[in-house]
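> what follows is a predicted protein model with its sequence.
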Amino acid sequence: MATSQSSMSPGGVKAAPVAAPRGFPPIAIERRWPVLALAAVSYLLSLRLFEPGAIRPLGYVVFVPWIIAICLSSRTVWLYLVSFLLGLAFWATHWHWLYQMSPLVLAVAGVILAAPFPLVAWPVRHLYRRRGMSLTIVFPMAWTASELFRMRGFFGAPLCLLAHSQVRFASLIQIADLVGALGVTFVVAMVNGWLADLVLHLLASRRAGRFWQGSPRLLVCSLLLVLVLSATVLYGRARLAFDGTTAGPRVAVVQNDFPINLGDPTLTPPRRPASAADDEIDHLWREKGEDWTADARLAYLHTLNDAAQTAPYLMVLPESVWSMVLNREFRESPLGDPERTLRMQLQHEEFVGLVRQYHAALVVGATSIELQPPGDFPGELLYNSAFFYKPGVVEPDRYDKISPVLFGEHLPFRCSQRFFWLYRLLNDGPWNPWGHGGIEYVVTPGRDYTVFSLPARSPEGRSYCFATAICLEDTLPQLYRRFVVDSDGRKRVDFMLTISNARWFGQGNQQAQHLVDCAFRAVENRIWIARSSDGGISGFINSDGTWRDLVGCHADNLQPGGGGYRLGEARIDPRVTLYSRCGDWLAWICLGLVVAAMLDAIAAATMGGHPRPVK
């Protein structure tokens, strides 16, 4: 058995002994720069990890250099600092689209999301060095737990999961209907951990003066990895062979691309006066100087008219395509501004007329405002809503977004009289591009997982049930499941819609990341999804996670922008999945084991002692 040894770094720092296989001398990285260099290699490998332009094999090697640094560095504090900097660089690169909205929000998000990197390094380092466990098991467990923490944490940030790097590997991602996207992350992370095990074994062999020495532990881990990968791919191929879907209604999704002005006057269309040629709604908007709203409305109505010529049964407009408040409580409230309520009433009547004219149902995103009685606090409640106009029905059905985006749609303390001053500070400060100047933009979370019913077109036809996720709600798997299945675990929708507004982010990589994340919701729940997004990317996602008929871009080149429409026939998938019923059960097990490892690390540090050599 190898004996525990200590060494002195050139700077006089005592290096902790590192676990090594039986008969191998301990190895360690005693200097700072190799640790930094290894983390930098992982960062460089991550640059093409996600869409658009993802290189799929990078997902299997991206963290190997960093894992080696975790296991071999003798400078613990330096390792954790470098791990944090790796996380900071990772998120500043892949979420640089946040900079367009607010540099401060990007900075805060980067710091919060970088924290899990050293939190991953801690249990991995402890279990490998002190407990002699294999990285093939330890790393996927820790990384999967970190993604669950990130998904459910302060920001609720599920974009850019390791699983997303494999979205085009259809046979691999089908296990998401059992274990979710985080289960796919676990499999990909296993390969990273196994490669790190292999590299460390080769280094230890060279240190012992041999090219290779057998390792029962590495052999067992290799067989386990082969078993997991083989079972995953075979299961995926079996799922891809399923042909039990049936045809549903014809759905048309509409997209345009209008930039949003957050203080840049070059993004503001030139104002032009209202003219006699404008229709009544357009004339009212231009009289108010809202040329952007008028232009967006006319462009969408023109595209909607083109889509209607293809005889869809359901037409879908994006979230917040132009300034609209469509709920009946606002339009008929005696407390509202008469001029504004007139504009909204005319807009509502226009949608009713379009549904009647096109003989098709319509989903559109707009605002709901519920004015409160005088003296109540706050004076009005805002909701981000989806309105469903059905043929023959005057008043639309309504769904209110349940999970508003923090800072982008929601700030704490708005409904608290005691801490309202803190809300005003967050809302009105120069750091907030949405509320700067006292603008009220915060929306109230909805409560109900509303399911819409699309009536049959003919007496002998069938009706269809669907729900509408608004914007980033389709990146929250724990929320999405509750749309798809009821409390008894039965499937209650035939297909899903997503309406979003991506023009906040320019033409960057956010739109592709959003599409990829939504594709995993389709696999997890075996549901067909239609997406309509202002700024992109609109189209259709099959229940196997493949997308088709995208607006403005090719399926192999996910570049956002452009306008138009696409028509697709919904495919009804009757399968109810384990994931829909049980959620992220595998990831929760990983999180529990990681917490236990952290407690073990604390106990071991308290009692002292040296790492044990690996058997």
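Thanks, I have the structure now.

> switch to C-alpha atoms for all contacts and neighbour counts from now on
Noted.

> so Met496, which of the three states?
Under the three-state scheme (DSSP: H, G, I helix; E, B strand; the rest coil), Met496 adopts strand.

> quick one: residues contacting it.
When contacts are counted by CA atoms under 8 Å, 6 or more residues apart in numbering, Met496 touches Phe466, Ala467, Thr468, Ala469, Ile527, Trp528, Ile529, Ala530.

> how about 7 Å then?
The neighbours of Met496, taking CA atoms under 7 Å, 6 or more residues apart in numbering as the test, are Phe466, Ala467, Thr468, Ile527, Trp528, Ile529, Ala530.

> so which of those wins on neighbours?
Thr468 (31 neighbours; other CA atoms under 10 Å).

> leaving out sequence neighbours, find the closest residue to that one.
The shortest distance from Thr468 to any residue that is not its chain neighbour, by CA to CA, 6 or more residues apart in numbering, is 4.6 Å, and that residue is Leu497.

> ok, back up a step: keep only those of the contacts of Met496 that are in helices.
Taking DSSP state H as the definition of helices, those contribute nothing to them.

> shaky segments in the stretch 151-300 of the chain?
Within the stretch 151-300 of the chain, the stretches falling below the threshold (pLDDT under 70) are 153-155, 208-209, 211-212, 259-278, 289.

> how is the protein divided into domains?
Following automatic domain parsing, one finds the domains of the chain at 7-242+583-607, 246-262+277-404+443-574.

> residues touching Gly568, list them.
Arg250, Val251, Ala252.

> next: Phe90.
Tyr43 are the contacts of Phe90 under CA under 7 Å, 6+ apart.

> quick one: average confidence on the particular helix or strand that has it in it?
With secondary structure defined by DSSP states H and E, Phe90 is part of helix 76-94. Per-residue pLDDT over helix 76-94 has a mean of 93.

> just the buried residues of the contacts of Gly568.
Neighbour-count burial within the contacts of Gly568 applies to Arg250, Val251, Ala252; the criterion is 16 or more other CA atoms under 10 Å.

> of all those residues, which comes closest to Gly132?
Val251 (55.7 Å; CA to CA).

> so that closest one sits in a strand?
Yes: read with three-state DSSP, Val251 is one of the residues of a strand.

> now it: how far from Arg531?
Using CA to CA, to the nearest Å, Val251 is found at 10 Å from Arg531.

> in contact with Gly244, which residues?
Asp573.

> that one and Val485, how far apart?
Gly244 sits 19 Å away from Val485, going by CA to CA.

> ok, now Ser320?
Relative to Val485, Ser320 is positioned 27 Å away (criterion: CA to CA).

> do the same with Ala238
Distance from Ala238 to Val485, counting by CA to CA: 23 Å.

> what does Val355 give?
Between Val355 and Val485 the distance is 29 Å, computed by CA to CA.

> in terms of neighbours, single out the busier of these two.
The neighbour count for Val355 versus Val485, taken as other CA under 10 Å, is higher for Val355 (21 against 18).

> thought the more buried one was touching Val393?
No: the pair Val355 / Val393 is not scored as a contact, 9.4 Å apart, by CA atoms under 7 Å.

> now for the two: what residues contact both?
Counting by CA under 7 Å, 6+ apart, no residue touches both Val355 and Val393.

> identify the residues contacting Val184.
If you count contacts by CA under 7 Å, 6+ apart, Val184 has them with Ala163, Ile173, Ile175, Ala176.

> check those against Thr185 and report the nearest one.
When the contacts of Val184 are compared against Thr185 (criterion: CA to CA), the nearest one is Ala163, at 4.3 Å.

> just confirm the closest one contacts Gly180, I think it does.
No: at 9.6 Å, Ala163 does not count as touching Gly180 under the criterion of CA under 7 Å.

> and Cys465, how many neighbours does it have?
Residues contacting Cys465 under the criterion other CA under 10 Å number 14.

> bridged to it, which residues?
The residues paired with Cys465 through beta bridges, assigned by DSSP bridges, are Ser453.

> now the helices for the stretch 401-550 of the chain?
Under the criterion DSSP state H, counting those that start in this stretch, the stretch 401-550 of the chain carries helices at the ranges 420-428, 477-484, 510-525.

> now Leu381: which helix or strand?
Take DSSP H and E as the rule and Leu381 turns out to sit in strand 380-389.

> send the alpha carbons of that strand over as PDB?
Coordinates of each C-alpha in strand 380-389 appear next as PDB, following Å, rounded to 0.1, in the frame of the first residue of the first chain:
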ATOM      1  CA  GLU A 380     -53.500  47.900  -9.700                       C
ATOM      2  CA  LEU A 381     -52.300  44.400 -10.400                       C
ATOM      3  CA  LEU A 382     -50.600  43.500 -13.600                       C
ATOM      4  CA  TYR A 383     -50.500  40.100 -15.200                       C
ATOM      5  CA  ASN A 384     -48.600  38.700 -18.200                       C
ATOM      6  CA  SER A 385     -51.400  36.800 -19.900                       C
ATOM      7  CA  ALA A 386     -52.200  34.600 -22.800                       C
ATOM      8  CA  PHE A 387     -55.700  35.200 -24.300                       C
ATOM      9  CA  PHE A 388     -57.500  32.500 -26.200                       C
ATOM     10  CA  TYR A 389     -60.100  33.700 -28.700                       C
END
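
> other residues contacting that strand?
Strand 380-389 is contacted by residues 352, 361-372, 396-401, 442-445 when judged by CA under 7 Å, 6+ apart.

> following it, which helix or strand comes up?
Counting by DSSP H and E, the next helix or strand C-terminal to strand 380-389 is strand 397-400.

> pull up the pairing partners for that following strand, direction included.
Sheet pairing for strand 397-400, assigned by DSSP bridges, gives strand 380-389 (antiparallel).

> report the buried residues of the strand it pairs with.
Per 16+ other CA under 10 Å, strand 380-389 contains these buried residues: Leu381, Leu382, Tyr383, Asn384, Ser385, Ala386, Phe387, Phe388, Tyr389.
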